[in-house]
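>>> Need the 3D shape of this:
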Amino acid sequence: MTNTKMFLVMLWGAIFRRRGRAVMAVVASLVGAATLFCLAATCIAVPQQMNEEMRSYGANLIVTPIESGDGKTGISTAMVNHTTDMVRAKGEATYATYRYENVRVNAAPYVLAGVHTAQVRALNHHWNVDGAWPSAGNVMVGRDVADAMGLTVGSRITIGYRASDNTGTTAAGADSTSGTDSDSASGADSTGGSGDSGASAGGSGDILDTSGTEFRVCGIVDTGGSEDEIIYALASDVDKLAGGTRGVDVIEYSSGAADVSQVVQSINDMTSMHVQAQQVTKITSSDTRIITMLRTLFWMVSVVVLALTLVGVSTTISSIVAQRRNEIGLRKALGASSGSIGVEFYVESGLYGLVGGLLGTAVGYLLARLLTSTVFGRTLGFDWPLAVGSVLLSVIVAVLASVPPVRRASRIDPAVVLREE
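Residues are numbered from 1 along each chain as shown. Model prediction:
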């Protein structure tokens, strides 16, 4: 019989002669692996999904033009593309552009936003729209606008554009940040200002002028924010209404960059772009806070679980060493080295860790799926790299836990043991 075969036979016998102890070691590794895999899978997948979901609740980055004072020109299409490339260089991002104009509806001042429907829908999943989104000849009005004018889906309104209402003012342009919860000026703030300036600019001669272009109200948006005070139309319809095209007043981004402030800094450092960026701190800080809390909880529990696993495996191996004290003494008396005895115990511990790690990873995945579906309402796929790492960690922890008892076994004096026999 070869040495390797003899080693395997002795290892097999050592495990199955003391099945109770072996089961305890496996269970200790299983509990540790299951807990760690469950927490790790949850804390890796859930924050990623939460980050993606929170990005759909509006922008976390806003870019507006720096006007020169020669009238509103907005941000050109080329600059929009260039800015978008800069933002996406730091991470995935969705965006929407807005052109704001001061208009009149039944002689009352309002803000009209020219948008691209697909962009706004992708950026603002949280908007509650009764009816349809803007399309050619159809506008979507905010809830406050609908209530003030008694509008319903299917109503018709006449929107009038006056160049005098939009000369020398940026109230409805760069200062408007529809679709966000930032602390800066919003579309709602610009509504009042634009109305006053429009009325005073036009004078008393045309303040009651109700002429304009007729649109159908296709939908009513209700967000509980400044968006409820704005009228939304296709950008092409706004171009026709205003009698010409120009750049957009606001670009809103939902950026997946790890540090949005760096994106803001990189844009603001490029003064030649004539745009300025600002971070929507309310969304970003809440996102970061939740993820940080989850990760902190993971590390705290992980340390405790690792410590308990080390104690459990170490205690079991110590008990096995104590039970096999006479056997170890006899083998050393017959010429076995402390190193060969130590290798046997290390391999035995590694097997406990391997079996416990495999079973624990499977149990941890089932627990993680149950946790993410019931608590967080999300699905969870199987993370193979994490699973391999979980099994390897279980083996390493089991081997490390066996170091103290193996060192004690190597110091057993065969003469003392044989004399006791």
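>>> where do the strands sit along the stretch 251-400 of the chain?
Using DSSP state E, counting those that start in this stretch, the strands of the stretch 251-400 of the chain run over residues 275-279.
>>> Can you pull out the low-pLDDT segments for it?
Residue ranges of the stretch 251-400 of the chain with pLDDT under 70: 281-288, 290, 376.
>>> Helices of that one, residue ranges please.
Using DSSP state H, counting those that start in this stretch, the helices of the stretch 251-400 of the chain run over 260-269, 281-323, 325-333, 338-374, 384-401.
>>> Of all those, which one is nearest Thr158?
Checking those against Thr158 by C-beta to C-beta gives helix 281-323 as the closest, at 36.5 Å. For the C-beta atoms, the positions are set from N, CA and C on the backbone; glycine is no exception.
>>> how far is the closest one from where the chain is centred?
On the basis of C-alpha atoms, centre = their mean, to the nearest Å, helix 281-323 sits 22 Å off its chain's mean C-alpha point.
>>> For it, which helices and strands make contact with it?
Packing partners of helix 281-323 (3 or more C-beta pairs under 8 Å, 6 or more residues apart in numbering; DSSP states H and E): helix 19-55, helix 338-374, helix 384-401, helix 403-410.
>>> residues in contact with the closest residue to Leu354 other than its chain neighbours?
Excluding its sequence neighbours, the residue lying closest to Leu354 (C-beta to C-beta, 6 or more residues apart in numbering) is Val395, at 5.3 Å. When contacts are counted by C-beta atoms under 8 Å, 6 or more residues apart in numbering, Val395 touches 350, 353-354, 357.
>>> change it to 6 Å
Going by C-beta atoms under 6 Å, 6 or more residues apart in numbering, Val395 touches 350, 353-354.
>>> go on, Thr245?
Asp239.
>>> three-state assignment of it?
Look at Thr245: counting by DSSP: H, G, I helix; E, B strand; the rest coil, its state is coil.
>>> Give me the phi and psi angles of it.
Backbone geometry at Thr245, expressed as degrees, to the nearest 10, gives phi -100, psi 150.
>>> Please report how far Val153 lies from Val403.
Distance, Val153 to Val403, using C-beta to C-beta, to the nearest Å: 73 Å.
>>> do the same with Ser226
Plainly put, Ser226 is 63 Å away from Val403 if you go by C-beta to C-beta.
>>> can you give me the end-to-end distance of stretch 368-383?
Separation of the first and last residues of stretch 368-383 by C-alpha to C-alpha, to the nearest Å is 11 Å.
>>> Figure out how far it is from the centre of its chain.
On the basis of C-alpha atoms, centre = their mean, stretch 368-383 sits 15 Å off its chain's mean C-alpha point.
>>> related to what we said a few turns ago, in ChimeraX, select just the buried ones from the contacts of Val395.
Selection of buried members from the contacts of Val395 for ChimeraX, criterion 16 or more other C-beta atoms under 10 Å:
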select :350,353,354
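>>> Which one of the contacts of Val395 is nearest to Val313?
Gly353 (7.3 Å).
>>> so that closest one sits right up against Ser394, yeah?
Yes - contact criterion C-beta atoms under 6 Å: Gly353 and Ser394 qualify, at 4.5 Å.
>>> so what sits against both of the two?
Ser29.
>>> how far away is the residue nearest to Val305 when sequence neighbours are not counted from Arg331?
Nearest non-adjacent residue to Val305, counting by C-beta to C-beta, 6+ apart: Thr35, 4.7 Å away. Going from Thr35 to Arg331 by C-beta to C-beta gives 37 Å.
>>> Then Asp147?
Taking C-beta to C-beta, one finds Asp147 at 90 Å from Arg331.
>>> Ala242 too?
From Ala242 to Arg331 the distance is 94 Å (C-beta to C-beta).
>>> do the same with Leu354
From Leu354 to Arg331 the distance is 25 Å (C-beta to C-beta).
>>> Quick check on the closest residue to Ala333 other than its chain neighbours: phi, psi?
Nearest non-adjacent residue to Ala333, counting by C-beta to C-beta, 6+ apart: Pro414, 3.9 Å away. Taking degrees, to the nearest 10, you get phi -60, psi -30 for the backbone angles of Pro414.
>>> Hmm, Pro414 is touching Gly335, no?
No - in this structure, Pro414 is not within contact of Gly335 by C-beta under 6 Å, at 10.0 Å.
>>> quick one: which of these two has more around it?
Using other C-beta atoms under 10 Å as the criterion, Pro414 and Gly335 rank with Pro414 on top: 16 against 7.
>>> re earlier: let's have the helices and strands packed on helix 281-323 in CSV, adding distance to Thr292.
Formatted as CSV, the helices and strands packed on helix 281-323 follow (distance: least, C-beta to C-beta, whole Å):
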stretch, distance to Thr292
helix 19-55, 9
helix 338-374, 19
helix 384-401, 20
helix 403-410, 35
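>>> and of those helices, who's closest to Val303?
Among the helices and strands packed on helix 281-323, helix 19-55 sits nearest to Val303 (C-beta to C-beta), with 10.4 Å.
>>> The closest one: how far from the chain's middle?
For helix 19-55, the distance to the chain centre is 20 Å (C-alpha atoms, centre = their mean).
>>> Distance of the closest residue to Asp383 other than its chain neighbours relative to Leu370?
Nearest non-adjacent residue to Asp383, counting by C-beta to C-beta, 6+ apart: Ala41, 5.9 Å away. In this view, Ala41 and Leu370 are 11 Å apart by C-beta to C-beta.
>>> hmm, back to that, doesn't Ala368 make contact with the residue nearest to Asp383?
Yes - with contact defined as C-beta under 6 Å, Ala41 and Ala368 form a contacting pair (4.1 Å).
>>> So Trp127 is in contact with Thr223, correct?
Yes - the pair Trp127 / Thr223 is scored as a contact, 5.5 Å apart, by C-beta under 6 Å.
>>> give me phi/psi at Cys218?
According to degrees, to the nearest 10, Cys218 has phi -100, psi -20.
>>> burial count for it?
Neighbours of Cys218 under the rule other C-beta under 10 Å: 21.
>>> so what's it up against?
Neighbour list for Cys218: 131-132, 138 [criterion: C-beta under 6 Å, 6+ apart].
>>> one step back: looking at Asp147 and Arg331, which is more packed in?
Arg331 (18 against 12).
>>> Can you give the distance of stretch 107-127 from its chain's centre?
The answer for stretch 107-127 is 25 Å, by C-alpha atoms, centre = their mean.
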